[in-house]
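>>> Sequence and predicted structure are below.
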Amino acid sequence: MPEARRSIEILVPPDRLMAVVTDFAAYPRFLPEMEEVTVLRNDGDVWVARFVVRVVRRIEYTLRLEKKSSTCLRWSLVEGAFKANNGGWDLTPSADGKSTRADYFIDLELGMFVPGSVLKTLIETSLPATLAAFKKEAEARG
């Protein structure tokens, strides 16, 4: 799958959005496809977490996630159903600091055949829905 990028404006400062992005255990509460998240290790700004999602079928994978700065998170695959899963968040505050432009990117290499129509749906439908869910959660938390 080619790299997918999306941006969204979220009406909270970057630090509040980053708090939501790094609250991995809460993902199943506001991301419908996320069944379970288990943080296996947390060393300050580095986490290793196992994710279980249901997208067409149940998929399990483990990521290493690193908060590079207060506005930058990156991840890479440790193990799981993909050949590769790399991505991140870049958060840019508005001029007044009250909102954030959130740039999200992901580069997946699937370990199985997936029809092009399914990949297109994932990119064009699921990714914007995921960003909308993060926006709703972050703004609800204020």
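The structure has been received and is ready for your questions.
>>> from here on, contacts and neighbour counts on C-alpha atoms
Fine.
>>> Kindly tell me how buried I8 is, as a neighbour count.
16 (other Cα atoms under 10 Å).
>>> Please give the element, helix or strand, for the residue lying closest to it once chain neighbours are set aside.
Excluding the flanking residues, the one nearest I8 by Cα to Cα, 6 or more residues apart in numbering is A102, at 5.3 Å. Using DSSP states H and E, A102 maps to strand 100-110.
>>> As a check, name the ranges of all strands in this protein.
For the chain, the strands defined by DSSP state E cover 4-10, 34-43, 46-55, 57-69, 72-80, 82-93, 100-110.
>>> which of the ones you listed has the lowest average pLDDT?
Among the strands of the chain, strand 100-110 has the lowest mean pLDDT, at a mean of 90.
>>> Restricting to C-alpha, output that one in PDB.
Provided in PDB are the C-alpha atoms of strand 100-110 (Å, rounded to 0.1, in the frame of the first residue of the first chain):
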ATOM      1  CA  THR A 100      -3.800  22.200  16.000                       C
ATOM      2  CA  ARG A 101      -3.200  21.100  12.500                       C
ATOM      3  CA  ALA A 102      -2.700  17.300  12.800                       C
ATOM      4  CA  ASP A 103      -0.800  15.700  10.000                       C
ATOM      5  CA  TYR A 104      -1.100  11.900  10.100                       C
ATOM      6  CA  PHE A 105       0.700   9.500   7.800                       C
ATOM      7  CA  ILE A 106       1.000   5.700   7.500                       C
ATOM      8  CA  ASP A 107       2.900   3.400   5.300                       C
ATOM      9  CA  LEU A 108       1.700  -0.200   5.400                       C
ATOM     10  CA  GLU A 109       3.100  -3.200   3.600                       C
ATOM     11  CA  LEU A 110       0.600  -6.000   4.000                       C
END
